[in-house]
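A.B. asks: Test case, fold it:
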Amino acid sequence: MERTFVYLKPNAVRRGLVGEIIKRFEQRGIKIVALKLFWMSRKQAEKLYEMHYGKSFYEELIDFVTGGPVVAMIVEAPRVIEMVRHIIGDTDPLKAGTGTIRGEFALTITKNLIHASDSRGSFEREYKIFFDESEIVNYYLDVQDDI
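C.D. replies: The predicted model follows:
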């Protein structure tokens, strides 16, 4: 099993897409092992997006992700990093495939509804910004034997 970090940006929450997005993960057999709704602090946002510091879109991105509540989660499944990236689609909604979250619901690159770790290294760095180990729940999901 593999884990990855995902968070739904403020516009996904404001647009009432949280349930729809989570449903898409659950329908694929992806298990949620940590989940919370909160307001991302500027410090958390800066840590998450530190690799973009100094780029032209950095301040707009930080202001956007701290401008409303977000839903963060850790999910688990075989090859889940690759699977989640496939489900959410390309960062640019115009390049995201039909049926992907961004392809169906997002309008711009910065405000593209959702973020997901792109590697195991990114997951290890990102989830620790938002979750303590005590918040991760290990449990058996009936569908696990079928995936």
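A.B. asks: now the helices: where do they sit in this structure?
C.D. replies: Counting by DSSP state H, the chain has helices at residues 10-14, 18-27, 42-48, 58-65, 80-88, 101-105, 120-130.
A.B. asks: Go through these and name the closest to Ile136.
C.D. replies: Each of the helices of the chain has some distance to Ile136 by CB to CB; the shortest is helix 120-130, at 8.4 Å. (C-beta placed from N, C-alpha, C; glycine too.)
A.B. asks: Run through who's touching that closest one.
C.D. replies: By CB atoms under 8 Å, 6 or more residues apart in numbering, the list of residues contacting helix 120-130 from outside reads 2-5, 7, 34, 36, 38, 44, 47-48, 72, 74, 81, 117.
A.B. asks: And the furthest pair within these?
C.D. replies: Going by CB to CB, the pair spanning the contacts of helix 120-130 furthest: Glu2 and Phe38, at 24.6 Å.
A.B. asks: More neighbours: which of these two?
C.D. replies: Shown here are Glu2 and Phe38; by other CB atoms under 10 Å, Glu2 has more neighbours (15 against 12).
A.B. asks: List the contacts of that one.
C.D. replies: Counted by CB under 8 Å, 6+ apart, Glu2 has contacts 76-81, 120.
A.B. asks: Any figure for the gap between the nearest residue to Ala96 once chain neighbours are set aside and Leu35?
C.D. replies: Leaving aside its sequence neighbours, Ala96 sits nearest to Gly89 (CB to CB, 6 or more residues apart in numbering; 3.0 Å). Distance from Gly89 to Leu35, counting by CB to CB, to the nearest Å: 22 Å.
A.B. asks: Comparing the two, which shows the higher neighbour count?
C.D. replies: It is Gly89, of Gly89 and Leu35, that has more neighbours when counted by other CB under 10 Å, with 23 against 15.
A.B. asks: give the contact list for that one.
C.D. replies: 95-97, 100-103, 106.
A.B. asks: And the furthest pair within those residues?
C.D. replies: It's Lys95 and Ile101 that sit farthest apart of those, by CB to CB, at 13.4 Å.
A.B. asks: ok, the two, which is more surrounded?
C.D. replies: Ile101 (24 against 12).
A.B. asks: In terms of pLDDT, where does the closest residue to that one other than its chain neighbours sit?
C.D. replies: Counting by CB to CB, 6+ apart, the nearest residue to Ile101 once its immediate chain neighbours are dropped is Ile88, at 4.7 Å. The score at Ile88 is 97. That number is its pLDDT.
A.B. asks: All set, thanks.
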